[in-house]
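Undergrad: give the three-dimensional model of this entry:
(2 chains)
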Number of protein chains: 2
Amino acid sequence: MKSIEWIGGKVRFIDQTKLPTDEIFVETDDVAILADAIRALKVRGAPALGIAAAYGVILGTQHFHSENSQELYEALQQSASLIAQTRPTAKNLFWALERMRSVCRLNLHESVERIKQILLDEALRIHAEDAQMCAAIGKHGAALVPDPATILTHCNTGALATGGEGTAQSIITTAFEQGKSISVYADETRPLLQGARLTAWELQKHGIQVTVITDNAAAMVMATKKIDLVVVGADRIAANGDTANKVGTYNVAIIAKEHGIPFYVAAPTSTFDIAIASGALIPIEERDPKEVSEGFGKRTVPEGVQVYSPAFDVTPHSYITAIVTERGILRPPFADSIRAVLQESSGHTV
Amino acid sequence: MKSIEWIGGKVRFIDQTKLPTDEIFVETDDVAILADAIRALKVRGAPALGIAAAYGVILGTQHFHSENSQELYEALQQSASLIAQTRPTAKNLFWALERMRSVCRLNLHESVERIKQILLDEALRIHAEDAQMCAAIGKHGAALVPDPATILTHCNTGALATGGEGTAQSIITTAFEQGKSISVYADETRPLLQGARLTAWELQKHGIQVTVITDNAAAMVMATKKIDLVVVGADRIAANGDTANKVGTYNVAIIAKEHGIPFYVAAPTSTFDIAIASGALIPIEERDPKEVSEGFGKRTVPEGVQVYSPAFDVTPHSYITAIVTERGILRPPFADSIRAVLQESSGHTV
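TA: Residues are numbered from 1 along each chain as shown, chains lettered A, B, ... in the order given. Below you'll find the predicted structure:
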């Protein structure tokens, strides 16, 4: 299943807020509609946000008709700015926007039609590279999975969250495809239940044994169900390895450490933000309190009571056993291993 | 507000599943209806379950008409058995049933009418004692609360859960009434959201500043919001101090320890089960998976996917800073302090 794709002049994506009961695809050629969809989490997942951002730039510039390439760049900037304001935490979104800006700037001497083609090629390349990254993360990470394995995961990191087979989830599906006996506990992941709605839906399609638990049951499951490892995704990783990911990840990391269970983060290198020294500096999105107080079409918090709903939390690097990237497995000290992996990279990610 | 009361031949209770939007009271003289209400969590909270169990025995025996006191005892046993099958974890329920059985056995030489009066007196005494216990727990525990204090709690431990002002929550409200500046973070407490629906509703009525968070945000809140202490209730406490409480309590205990935050358990001594050496032996109720998969009238887990929904977890005693009882504050080693407090007790609780 492709959660997002470019279909000639339009972006097509599955509306993830309607899963698991309804599989509804949305097509749009309007960058504002795409930005709203990102804000509403119809499209979500850090790597998928990078892809959506790149396609958003195409939507915002494809109908540009002047012959002035500088004006095209300004139109691109406007679309990029619209998308940049949707969700502040995922690094991949800003990384993809910067790639699109950069390739435009480098080609301003070309004709507008040519630049538009170069931009589309770049967006498609970001998507294709992401699929390759997913496969590489799956391959590297599967080596960490014993046979049999019982794995706990949080939120959704599968095809829905990426342009390929996922990040953390790619490790699970790759190990399964290698013939390993895999059983997964999926945290339901309040407030928006990506674990219950999306991860369970994807793993069921793969034929992998999955059990949904409330986030509250994670400690009991780790204490009593012989969990071999925890693997999660990441929205932004600071230079020292501190990792912003879906709220509740830090809870799981602490609980895993307390039970002596390895805790792995899986993410493409585009998730690293070496301009940020530590997790304390990662901007954390706060979501609409109604996602908590009226999340299920029914009020569950009394009127007038305050709700605090951070979308992400930061797991300090000391809780992370290893970070699985498309270029291999990084081990502590992460400040060194992250710098090293980025230095050997193509330059796009730095 | 009285969450449960005896009103001459009937039990009256607020249907907690309808809160916070609807304040609906149920009256019944039928022990089977009361048992169903307990199973459905219309009446809930370990101490309140003890009170409900005692009143249930009255409902089941009040219309008994033979003059044979042994037959009355058998009718009592039948009601007690019906109630005992509702929820397996809360010790207080079994403790109250045993008190009712015991007082009946001791008075079998009396007339049936006299025994019925003695049973009613005993049930009312259990209720009145619980209110006193709540006040005493509040008084002892408030000494642990600094001024100002930011407190995190899980599930509901207030008037709704007890026959008085609560256990853990009584500590919060007592400290507030002493003039301390109190702010509370209430975990929403999936799957049934007792924190969001009940604790927030009660604290709002008290005029105490309360903020609802998802259970997933607890680690982030402890890392960033200067939480002074965590206080929770208990459904059963083993001889060594291991504590069964609402699922997610163990998560919170681990996270609190990791942040150097004191973690207090508040419970009447009727919650202790010294026949059970450690938490591993406490029976843990599993709830209907639909409370997770369709908890809000809308399916959130794909059809065919397994759900594991333990109602409780067990927090090992090593995570507990102190246990606040109506007889004072118990400190580690709990095996000793629990034995000591029960030895000085009146005999009802052992």
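Undergrad: quick one: residues contacting the residue in chain A sticking out farthest from the centre.
TA: Most distant from the centre of chain A: A:Glu67, at 36.3 Å, with distances by Cα atoms, centre = their mean. By Cβ atoms under 8 Å, 6 or more residues apart in numbering or on different chains, the contact list for A:Glu67 reads A:111-112. Glycine gets a C-beta too; all of them are placed from N, C-alpha and C.
Undergrad: just A:Met100 next, same as before
TA: Counted by Cβ under 8 Å, 6+ apart, A:Met100 has contacts A:53-54, A:57, A:76, A:80, A:119, A:122-123.
Undergrad: wait, A:Leu19 sits on A:Thr199?
TA: No: the pair A:Leu19 / A:Thr199 is not scored as a contact, 10.4 Å apart, by Cβ atoms under 8 Å.
Undergrad: more neighbours, the two?
TA: Per other Cβ atoms under 10 Å in any protein chain shown, whichever of A:Leu19 and A:Thr199 has more neighbours is A:Thr199, with 33 against 22.
Undergrad: list the buried residues in the longest helix seen in chain A.
TA: Longest helix of chain A, by residue count under DSSP state H: helix A:112-142. Neighbour-count burial for helix A:112-142 flags A:112, A:115-116, A:118-120, A:122-124, A:126-127, A:129-131, A:133-142 (criterion: 16 or more other Cβ atoms under 10 Å in any protein chain shown).
Undergrad: do stretch A:183-200 and chain B meet at all?
TA: Yes: using Cβ under 8 Å from any Cβ of the partner chain, stretch A:183-200 reaches chain B at A:185, A:188-191, A:193, A:196-197, A:200.
Undergrad: of all pairs in those, which one is the farthest apart?
TA: Pairwise distances across the residues of stretch A:183-200 next to chain B peak at 19.4 Å for A:Tyr185 and A:Pro191 (criterion: Cβ to Cβ).
Undergrad: quick one, which of these two is more surrounded?
TA: Neighbour count, other Cβ under 10 Å: between A:Tyr185 and A:Pro191, A:Pro191 has more, with 27 against 24.
Undergrad: wait, is the more buried one part of a helix?
TA: No: using DSSP: H, G, I helix; E, B strand; the rest coil, the assignment for A:Pro191 is coil, not a helix.
Undergrad: quick one: contacts for it?
TA: Contacts for A:Pro191 were tallied using Cβ under 8 Å, 6+ apart; they are A:287, A:291-292, A:295, A:309, B:214, B:216.
Undergrad: equivalent analysis for A:Ala54, please.
TA: Contacts of A:Ala54 by Cβ under 8 Å, 6+ apart are A:96-97, A:99-100, A:122-123, A:126-127.
Undergrad: spell out which parts of the stretch 51-200 of chain A neighbour chain B.
TA: Proximity of the stretch 51-200 of chain A to chain B (Cβ under 8 Å from any Cβ) is limited to residues A:185, A:188-191, A:193, A:196-197, A:200.
Undergrad: ok, so of these, who is nearest A:Asp29?
TA: A:Arg197 (27.6 Å).
Undergrad: need the residue closest to the centroid of chain A.
TA: Closest-to-mean residue, chain A, Cα atoms, centre = their mean: A:Ala46 / 2.3 Å.
Undergrad: and stretch A:289-303, what's its mean pLDDT?
TA: Computed over stretch A:289-303, the mean pLDDT rounds to 91.
Undergrad: tell me where chain A has helices.
TA: For chain A, the helices defined by DSSP H occupy A:31-39, A:46-61, A:69-84, A:91-106, A:112-142, A:168-177, A:194, A:200-206, A:218-224, A:249-258, A:290-293, A:334-343.
Undergrad: if we can go back for a sec, check what pLDDT the residue lying closest to the residue nearest to the centre of chain A once chain neighbours are set aside gets.
TA: Spatially, and ignoring its direct neighbours in sequence, A:Ala46 is nearest to A:Ala90 (4.1 Å; Cβ to Cβ, 6 or more residues apart in numbering or on different chains). According to the prediction, A:Ala90 has pLDDT 90.
Undergrad: wait, doesn't A:Ala90 sit right on A:Ile237?
TA: No: between A:Ala90 and A:Ile237 there is no contact under Cβ under 8 Å: 11.0 Å.
Undergrad: reformat the contacts of A:Ala54 as TSV; add pLDDT.
TA: Shown next, in TSV, are these (pLDDT from 0 to 100):
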residue	pLDDT
A:Ala96	97
A:Leu97	98
A:Arg99	98
A:Met100	98
A:Glu122	98
A:Ala123	98
A:Ile126	98
A:His127	98
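Undergrad: A:Cys122 reaches A:Arg105, doesn't it?
TA: Wrong residue type there; residue A:122 is Glu, not Cys. No: judged on Cβ under 8 Å, A:Glu122 makes no contact with A:Arg105 at a distance of 11.9 Å.
Undergrad: what's the closest of the contacts of A:Met100 to chain B?
TA: Closest to chain B out of these is A:Ala53 (25.8 Å), distances taken as Cβ to the nearest Cβ.
Undergrad: need the contact list for that closest one.
TA: Per Cβ under 8 Å, 6+ apart, neighbours of A:Ala53: A:80, A:83, A:92-94, A:96-97, A:100.
Undergrad: cool, and A:Glu122?
TA: By Cβ under 8 Å, 6+ apart, the contact list for A:Glu122 reads A:54, A:99-100, A:103.
Undergrad: so how far is A:Ser79 from the closest residue to A:Ala143 other than its chain neighbours?
TA: Excluding its sequence neighbours, the residue lying closest to A:Ala143 (Cβ to Cβ, 6+ apart) is A:Ile329, at 7.7 Å. To A:Ser79, A:Ile329 is 36 Å away according to Cβ to Cβ, to the nearest Å.
Undergrad: of these two, which one has the most company?
TA: A:Ser79 (24 against 18).
Undergrad: the residue lying closest to the more buried one once chain neighbours are set aside - how many residues pack around it?
TA: Spatial nearest neighbour of A:Ser79, excluding adjacent residues (Cβ to Cβ, 6+ apart): A:Gly60 at 2.5 Å. Other residues lying near A:Gly60 total 24 when counted by other Cβ under 10 Å.
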